[in-house]
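> Predicted coordinates and the sequence they were generated for:
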Amino acid sequence: MQIPFSSKLPMVSTTIFSVMSKMATEYNAMNLSQGFPGFESDQTLIDLVTKAMNDGHNQYAPMAGLYALRENICNKMNHLYGSNYKPETDITITAGATQAIFTVISACISKDDEVILFAPAYDCYEPAIVLQGGKPISISLKLPEFSIDWNEVKEKISSKTKMIIINSPHNPSGTILNQDDLLTLQELVSDTGILILSDEVYEHIIFDGKEHQSVARFPELAARSFITASFGKTFHNTGWKMGYCVAPKTLMEEFQKVHQFNVFCVNHPMQVAFTTYLENSKNYESLSSFYEQKRDLFLEGIKGSRWEYTPASGTYFQLLSYKNITDEKDVDFAKRLTIEHKVASIPISVFNKNGEDPKMLRFCFAKKDETLKQATEILSKL
Ligand code: PMP
Ligand code: GLN
């Protein structure tokens, strides 16, 4: 018997990350698709987790997270961005940024609320909005720079706009927002009740001497913003699924109303380990130069080939245009590359609501140097 059931997310299928990673395994291809490091997390951090478990930190953590960890996060943010976050009220430790994003949207978005987001957009925003009965309003980033047309944003803001989601450094394009972007956004939303969700999971991966423009640097924006962050991205352990959300007290209270009934709290021994690990600022300050070298190695490897690109300004992703190689659809080409040439990537059209296909693939360069060399040798022959 078939139980009559209508899906709440009829347009959603298995994420492209699962699809491409599975194909990479099946066809024994180098996996430059799903964004995760192809090398281990620091042994010191792994030892700290083991020690925390042996020391007996194996029961529930406090709902918002360990106070000492929240304090270290506040210290880091206030030092880097000149903000004034307080550990008592403004931070919650989450199961990765994904849970933080879902919780922000669940706590803030009601039926018919409009949420502005920019396409190509990371794939977890829209389903969360739709599940709450909200309406995603997608604005296309302007190629080739993947920049935001703020006039268009102004036109799309309506009395129903409840939230704007930004993401810098940006997945999948590897571009960043600059100070003018943030100041324009600040002006656009002043005198409105619009909230900002600023997904900053790549805040510590930024290249060529540029600075991360966190919303935390702009007091009027920070007052209406949730910031989401990911330890997995910063400390090479995406499988631990640890992250956090930062927001001023009144917003964080609403966040925690949902969080406490969603997971209540997250992994305790890892929180103990991150508390100690964060005390050494070198552990995150060295990340940009570490990944900049990998970006440069990757780009050096495809120099002179038919792939076209603008070097990524942040994240560990590089977009490559294949328009000089084939006119296949990006999804088809990504699959063929995996099967025939043994290099897996992510097609960009899946991040565009309307399926727009700029003939680009995203390659993750958070891999061992040998893997990057092998992959670019193959790519540059195409
Ligand atoms: N936002 C963006 C832009 C991401 O790329 C990712 C994934 N890596 C996340 C959120 C989710 O982060 P996490 O793995 O910590 O859930
Ligand atoms: N954020 C990672 C990426 O962009 C994937 C995370 C996931 O698989 N959900 O590749």
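Right, received. Where do you want to start? Residues are numbered from 1 along each chain as shown. Ligands and ions are numbered 1, 2, ... in the order given.
> in which helix or strand would I find the closest residue to K156 other than its chain neighbours?
In this structure, K156 finds its nearest non-sequential neighbour in I137, 5.5 Å apart by Cβ to Cβ, 6 or more residues apart in numbering. Placement of C-beta: from N, CA and C, glycine included. Element membership of I137 [criterion: DSSP states H and E] is strand 135-140.
> which residues sit against that strand?
Contacting residues not belonging to strand 135-140 are listed as 112-119, 121, 125-126, 129-130, 148-149, 152-153, 156, 160-161, 352-354, 356 [Cβ atoms under 8 Å, 6 or more residues apart in numbering].
> Paired strands for it, with orientation please.
strand 114-119 (parallel) (DSSP bridges).
> After the partner strand, which helix or strand is next?
Assigned by DSSP H and E, the successor of strand 114-119 is helix 125-131.
> roughly how far out does that following helix sit from the chain middle?
When distances are taken as Cα atoms, centre = their mean, to the nearest Å, helix 125-131 is centred 16 Å away from the chain's centroid.
> does any bit of that helix sit next to ligand 1?
No - against ligand 1, helix 125-131 shows no contacts by Cβ under 6 Å from any ligand atom, the least distance being 8.5 Å.
> Run through the neighbouring helices and strands of that helix.
Here helix 125-131 touches helix 96-108, strand 114-119, strand 135-140, going by 3 or more Cβ pairs under 8 Å, 6 or more residues apart in numbering; DSSP states H and E.
> What does the pLDDT read for N354?
Among the per-residue scores, N354 shows a pLDDT of 84.
> Check the burial of the closest residue to ligand 1 within the stretch 251-382 of the chain by counting its neighbours.
Residue nearest to ligand 1 within the stretch 251-382 of the chain: T315 (7.4 Å; Cβ to the nearest ligand atom). A count of neighbours around T315, defined by other Cβ atoms under 10 Å, yields 30.
> Could you do V130 as well?
Using other Cβ under 10 Å, the number of residues around V130 comes to 19.
> Not counting sequence-adjacent ones, nearest residue to whatever residue of the chain ends up closest to ligand 1?
Proximity to ligand 1, evaluated over the chain using Cβ to the nearest ligand atom, is greatest for G96 at 2.6 Å. Once flanking residues are discounted, G96 sits nearest to K241: 4.1 Å by Cβ to Cβ, 6+ apart.
> Give me every residue in this protein lying close to ligand 1.
Proximity of the chain to ligand 1 (Cβ under 6 Å from any ligand atom) is limited to residues 35, 96-98, 122, 167, 171, 199, 201, 230, 232-233, 238, 243.
> Quick check: buried residues in the helix or strand encompassing Q186?
If you go by DSSP H and E, Q186 is part of helix 179-189. Neighbour-count burial for helix 179-189 flags 181-182, 184-186, 188-189 (criterion: 16 or more other Cβ atoms under 10 Å).
> How about the secondary structure of the residue in the stretch 101-250 of the chain that ligand 2 sits nearest to?
Per Cβ to the nearest ligand atom, N171 is where the stretch 101-250 of the chain lies closest to ligand 2, at 5.0 Å. Under the three-state scheme (DSSP: H, G, I helix; E, B strand; the rest coil), N171 adopts coil.
> Grab the two from the residues of the chain next to ligand 1 that are most spread out in space.
Spatial extent of these (Cβ to Cβ) is set by the pair N167 and T238 at 16.8 Å.
> When those two are compared, which one has more neighbours?
It is N167, of N167 and T238, that has more neighbours when counted by other Cβ under 10 Å, with 24 against 18.
> doesn't D123 make contact with that one?
No - look at N167 against D123 with Cβ atoms under 8 Å: they stay out of range, at 11.4 Å.
> Distance-wise, check F317 relative to S147.
To S147, F317 is 17 Å away according to Cβ to Cβ, to the nearest Å.
> higher neighbour count, these two?
Between F317 and S147, counted using other Cβ under 10 Å, the more crowded position is F317 (24 against 15).
> And the more buried one, how far from ligand 2?
Distance, F317 to ligand 2, by Cβ to the nearest ligand atom, to the nearest Å: 7 Å.
> So for the protein, which residue is the most central one in space?
Most central in the chain under Cα atoms, centre = their mean is V201, positioned 4.7 Å from the mean C-alpha point.
> Now do that residue against T238, distance only.
The gap separating V201 from T238 is 10 Å, by Cβ to Cβ.
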